[in-house]
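Could you work out the structure for the sequence below:
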Amino acid sequence: MDPRTGDIAAALFSELLIADQMARNRLSRVLPKGMELSHFGVLNLLARLQEERTPAQLARAFHVTRGAMTNTLAKLEWAGYIHIRPDWDDARRKLVSLSPAGQTARDAALGALTPLIAEMVENVGLDRARQVIPILRALRQTLEAN
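Residues are numbered from 1 along each chain as shown. This next block holds a predicted model:
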């Protein structure tokens, strides 16, 4: 391996991890009271799909354990943002859907997040942001494959 590869890899992942942490902190501060980024992620996915998902499917989608997803879903159900029902075809499974209150909460969160994200993109520059998307996508796909 070229010695420069290790240096570039270390710098790249250091920047990614720091940017991730800082972005999560900034985004978390503008979410509606009591909502976490993990909650928003689940609500946003369910809103985009417009169909039910099992807890296992949601855990896979977010690359978290089933236990972590169960915890997130319990909080969302308690808040009234999702409905969890038995799967009538397979009693061992449950199905999760977005409630009207969850749609409203997701829309409010999206309204709070969008200006902050847009500001970050404007600060970096639209063209530069557009150029980095394929690189980040390739990194994500590489990580997913492994």
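
Gly111 and Pro32, how far apart?
Per Cβ to Cβ, to the nearest Å, Gly111 is found 9 Å from Pro32. Using the backbone N, CA and C atoms, a C-beta is placed for each residue, glycine as well.

residue closest to the middle of the chain?
Gly41 (3.8 Å; Cα atoms, centre = their mean).

Secondary structure element holding that residue?
helix 37-49 (DSSP states H and E).

Off-centre distance for that helix?
With Cα atoms, centre = their mean, to the nearest Å as the basis, helix 37-49 stands 7 Å off its chain's centre.

Pull the number of nearby residues for Leu110.
Applying other Cβ atoms under 10 Å, we find 14 residues neighbouring Leu110.

In this structure the residue nearest to the centre of the chain contacts Phe62, no?
Yes: here Gly41 reaches Phe62: they are 6.2 Å apart, a contact under Cβ atoms under 8 Å.

could you give me the average pLDDT of the longest strand seen in the chain?
As assigned by DSSP state E, the longest strand anywhere in the chain is strand 90-98. What strand 90-98 shows for mean pLDDT is 93.

and the helix or strand following it, what other elements does it pack with?
Counting by DSSP H and E, the next helix or strand C-terminal to strand 90-98 is helix 100-124. Judged by 3 or more Cβ pairs under 8 Å, 6 or more residues apart in numbering; DSSP states H and E, helix 100-124 is in contact with helix 3-30, helix 37-49.

quick check: angle from helix 100-124 to helix 37-49?
On the basis of axes from the mean of the first three to the mean of the last three Cα atoms, to 10 degrees, helix 100-124 is oriented at 100 degrees to helix 37-49.
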